[in-house]
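Trainee: this one's structure only:
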């Protein structure tokens, strides 16, 4: 039995529990993986530890009725996240608390604790790997465990693992992509007519943009992801502050129309390149020609092109957000740890 | 030391030797893989066995001057392919002879012999996996070795391994793609003006189409690849004769123009779907809307969209042919075997 401690029980945490519950049998049959959640700890959803494994359908039904995991009939309640990591006896910690790109907390402390106790860690939280990937990877190596982060970029659509593992044997000399769905949605809608402010308001009403949209529209979310890709796939050691950054707040309908007349689209492009052994990275709006695969990635879709020595350009296109999509990225990491 | 026997020394075999020679050091440093070719056997390029490993730069220079691997100064010469597999002491057989979709030979015999002797096999030869994937995978399992075939579809651009491994945890309910570069080149050129015959002639002059173009333009090459993808990624048990097939020989400039007026492009689409547990597959020209990622894949580029339960559509776009590209697919399989 593989024991999982789930730290964070928001949209992703709940989706992970639901997807795992649906796929538990399949994981056992296809991958020999008998995965059970033995502990859950959420900031505002309570905490629960059941050493023989939580019955997930039961938990999810009870949580839906009561809004807390502590309504589950058995188990130990009331532990905080660090206590949960320490006392759960888990083999794997799935860390899905919210991203903070300035401090990395609380995820950073959770991940350090878990790795130093010899537990594998899987996270979708961009803060810790954007700020400290190389430290955390080193800590994992020292303790003989894995630190896997597929879902931090483009949710479960293969991005990190594609570059690091599936393309192994190629040297990745750079990448460019559309890795923030909110800004891509706004730019796509603006092309169909509509100013920046009206389109942002619409995106907020649809739940694609947050009340404070700065993280997306100023490019910070994409900066976090660029740093993660550069450090994991290209072996760089960048920090978010090393990335040249420009958001989409200055883009006008006129600029979009002008580009269109020249058979181009404006996209928020996140990219990194290596030159003389030095990796530099940038997030900024760019005019992309219609023949480029990235030009035809519209709405909330994401895409990423790796530039390699052997295969030249390899592009992956898929959804870059969503609880279920993120949960599938976590599951693919779980399978990879035990393959 | 990981010992490789290379069976076939045409474009791919030579590219593999060259890429391995360039990456030998990197494979050791990054992946702990000390890979050496200990034997080469080509249909018309001679055969060579050097148990302590062939010095590849030396071999390639000597081959360039003399057109045979037997000009290498040391080693045993004159063994046939089966003898080479039996006597080389190789851990891995890299099988890169030409594809025959009717008999699978000579690759099928090479692969059966290698697997039954407990050697891992990596191949880019579509014949054996299209005709006998499940048999060969079973033989590999029985003998505790791997049978890996990334390069059979879209050369080294991740296709088989993407669906089987990187997307693990998702159920692949179907796929559709452009997986034959020759026909995609012809259709792209016809859209720019030019009849079928003139465009085919041009493709032949550029080396994109063979003197006998039937394998490509009648859809057989795509059929072989569809069967491989369906059997490996979707767990099907199809044979090439199970696939509904229509080539591009009936496509006229008028049909292309008509599609264009409706914002569509005609593409040779290879696809498979599962319904009630039964997988059915098809290769045929289809009108694809411009908003579909596949519509914007032009020239010799390939693309493949997996339809999954968790991530919905995931599309990969990249080169689908070329010696260096195919060699990188083989190298990625080699790394995966020893990861």
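Mentor: Received, thanks. Values in this document were obtained by computation on a predicted structure and should not be read as measured data.

Trainee: close to chain B: what parts of the stretch 51-200 of chain A are there?
Mentor: Selection of the stretch 51-200 of chain A residues close to chain B by CB under 8 Å from any CB of the partner chain yields A:155-158, A:161-162, A:165-171. (Each C-beta comes from the backbone N, C-alpha and C, glycine too.)

Trainee: kindly recompute the last result at 6 Å.
Mentor: When proximity is defined as CB under 6 Å from any CB of the partner chain, the stretch 51-200 of chain A approaches chain B at A:156-158, A:161-162, A:166, A:168-170.

Trainee: is the residue nearest to residue A:338 when sequence neighbours are not counted in a helix, a strand, or coil?
Mentor: In this structure, residue A:338 finds its nearest non-sequential neighbour in residue A:33, 5.3 Å apart by CB to CB, 6 or more residues apart in numbering or on different chains. Under the three-state scheme (DSSP: H, G, I helix; E, B strand; the rest coil), residue A:33 adopts coil.

Trainee: kindly report the domain assignment for chain A.
Mentor: A:2-156+A:323-338, A:164-319 (automatic domain parsing).

Trainee: circling back: looking at the residues of the stretch 51-200 of chain A next to chain B, which are in helices?
Mentor: Counting by DSSP state H, the part of these found in helices is residue A:161.

Trainee: need the max-distance pair from the residues of the stretch 51-200 of chain A next to chain B.
Mentor: Spanning the widest gap among those are A:156 and A:169, at 23.7 Å by CB to CB.

Trainee: so these two - more neighbours on which side?
Mentor: residue A:156 (31 against 27; other CB atoms under 10 Å in any protein chain shown).

Trainee: helices of chain A, residue ranges please.
Mentor: Assigned by DSSP H, chain A shows helices spanning A:11-31, A:56-66, A:81-87, A:107-116, A:127-142, A:160-161, A:181-191, A:196-205, A:214-217, A:220-233, A:253-261, A:323-338.

Trainee: to residue B:251, which of the ones you listed lies closest?
Mentor: Closest among the helices of chain A, using CB to CB: helix A:253-261, at 30.2 Å.

Trainee: pull out the buried positions in that closest one.
Mentor: Using 16 or more other CB atoms under 10 Å in any protein chain shown as the test for burial, helix A:253-261 gives A:256, A:259.

Trainee: same thing with stretch A:129-148?
Mentor: By neighbour count with 16+ other CB under 10 Å, stretch A:129-148 contains the buried residues A:129-133, A:135-137, A:139-140, A:143, A:145-148.

Trainee: just to revisit the earlier point, which of the residues of the stretch 51-200 of chain A next to chain B has the most neighbours?
Mentor: Neighbour counts for these peak at residue A:157, which has 33 neighbours (criterion: other CB under 10 Å).

Trainee: skip the chain neighbours and tell me the closest residue to that residue.
Mentor: residue A:318 (3.3 Å).

Trainee: which residues touch the one you found?
Mentor: Residue A:318 makes contact with A:157, B:311, B:314, according to CB atoms under 6 Å, 6 or more residues apart in numbering or on different chains.

Trainee: same deal with residue A:18?
Mentor: Not one residue lies near residue A:18 by CB under 6 Å, 6+ apart.

Trainee: confidence score at residue A:207?
Mentor: In this model, residue A:207 is scored at 85, pLDDT.

Trainee: farthest-apart pair in the buried residues of stretch A:129-148, please.
Mentor: The widest separation within these (CB to CB) is 21.5 Å, between A:130 and A:143.

Trainee: and the angle from the helix or strand of chain A with the lowest mean pLDDT to helix A:253-261?
Mentor: For chain A, using mean pLDDT, DSSP states H and E, the weakest element among its helices and strands is helix A:196-205, scoring a mean of 92. Orientation check (axes from the mean of the first three to the mean of the last three CA atoms, to 10 degrees): helix A:196-205 against helix A:253-261 gives 90 degrees.

Trainee: what is helix A:196-205 packed up against?
Mentor: Packing partners of helix A:196-205 (3 or more CB pairs under 6 Å, 6 or more residues apart in numbering or on different chains; DSSP states H and E): helix A:181-191.

Trainee: and the angle from the helix it packs on to helix A:253-261?
Mentor: Orientation check (the same axes, to 10 degrees): helix A:181-191 against helix A:253-261 gives 80 degrees.

Trainee: list the helices and strands helix A:181-191 packs on?
Mentor: helix A:196-205, helix A:253-261.

Trainee: so for chain A, the centremost residue is which one?
Mentor: When CA atoms, centre = their mean is applied to chain A, the residue found nearest the centroid is residue A:152 (1.9 Å).

Trainee: what's the spacing between it and residue A:330?
Mentor: Between residue A:152 and residue A:330 the distance is 10 Å, computed by CB to CB, to the nearest Å.

Trainee: equivalent analysis for residue A:76, please.
Mentor: 24 Å.

Trainee: which one's more surrounded, the two?
Mentor: Comparing residue A:76 with residue A:330 by other CB under 10 Å, the one with more neighbours is residue A:330, at 31 against 16.

Trainee: what residues are up against that one?
Mentor: By CB under 6 Å, 6+ apart, residue A:330 lies in contact with A:16, A:94, A:122, A:151.

Trainee: what's the closest non-adjacent residue to the third one?
Mentor: Okay, so that is residue A:122. Leaving aside its chain neighbours, residue A:122 sits nearest to residue A:333 (4.5 Å; criterion: CB to CB, 6+ apart).

Trainee: OK, contacts around the one you found?
Mentor: Residues in contact with residue A:333 (CB under 6 Å, 6+ apart) are A:122, A:148, A:150.

Trainee: give me the pLDDT for the last one.
Mentor: To tie it back to what came earlier, the one meant is residue A:150. Per-residue confidence (pLDDT) for residue A:150: 98.
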